[in-house]
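**Student:** 3D model of this:
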Amino acid sequence: MANKEQYPIIRHIPANIIKKKIKHQEKEVKILKRLFFIKLRYDGFNVSEAAEKIGISTATAYLWQDRWNKGGYEDLIPKFAGGRPPKLSAGDKEKLKEYLNEKDHWSLKDVKNLIFLKFGVSYSNDQIRRILKSFEMFFWKPYPQDYRRPEGAEEILKKNSKDE
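**Tutor:** Here you go, the predicted model:
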């Protein structure tokens with residue numbers, strides 16, 4: 001005979017409502033996974049069995065059940081708050097974008113130096129790529145330039161190739 005559940009689940013809403021919420025939340029994977037866990041608990045699985053079926057740790061399962069027992073569905077919704085504040089404010093990013101628009105081509109090193117000189121902030125190359133991507137800009141990979149190349153070399157080439 002099975003042991004009596006030591007940590008019971010509170011049935012805030014009927015099982016059929018959970019099924020409807022699962023169908024409604026198909027795109028919100030985090031909530032969906034939590035609802036599947038609660039549904040398994042409603043169906044009689046103990047916490048560790050339900051956690052194993054969902055693919056989460058037992059500690060996480062107890063945390064989700066705790067949230068469910070305290071506040072029902074609303075407490076299952078993840079609340080993203082806090083985190084590290086950005087090094088550059090929104091205003092600083094706008095200024096950076098203006099600086100970057102002054103010149104056509106920037107190397108990552110140039111952008112990194114610009115950010116450090118203007119704002120006193122140091123970023124990794126990966127973060128600079130993300131910032132440039134958020135501006136819908138791309139960095140330019142510098143190639144060596146021939147110092148002997150005359151100004152307007154493309155036009156000279158076109159002119160000389162037409163004459164022949």
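**Student:** the residue nearest the centre of the chain sits in which helix or strand?
**Tutor:** By Cα atoms, centre = their mean, the chain has its centre lying nearest to residue 130, at 11.0 Å. Per DSSP states H and E, residue 130 falls inside helix 125-134.
**Student:** from the chain's centre, how far out does that helix sit?
**Tutor:** Counting by Cα atoms, centre = their mean, to the nearest Å, helix 125-134 is centred 13 Å from the centre of its parent chain.
**Student:** mind giving me the packing neighbours of that helix?
**Tutor:** helix 90-101, helix 108-119 (3 or more Cβ pairs under 8 Å, 6 or more residues apart in numbering; DSSP states H and E). Where you see a C-beta, it was placed from the backbone N, CA and C, and this is true even at glycine.
**Student:** just to revisit the earlier point, check the residue nearest to the centre of the chain and give its pLDDT.
**Tutor:** What the model reports for residue 130 is a pLDDT of 90.
**Student:** repeat that for residue 122.
**Tutor:** pLDDT, residue 122: 93.
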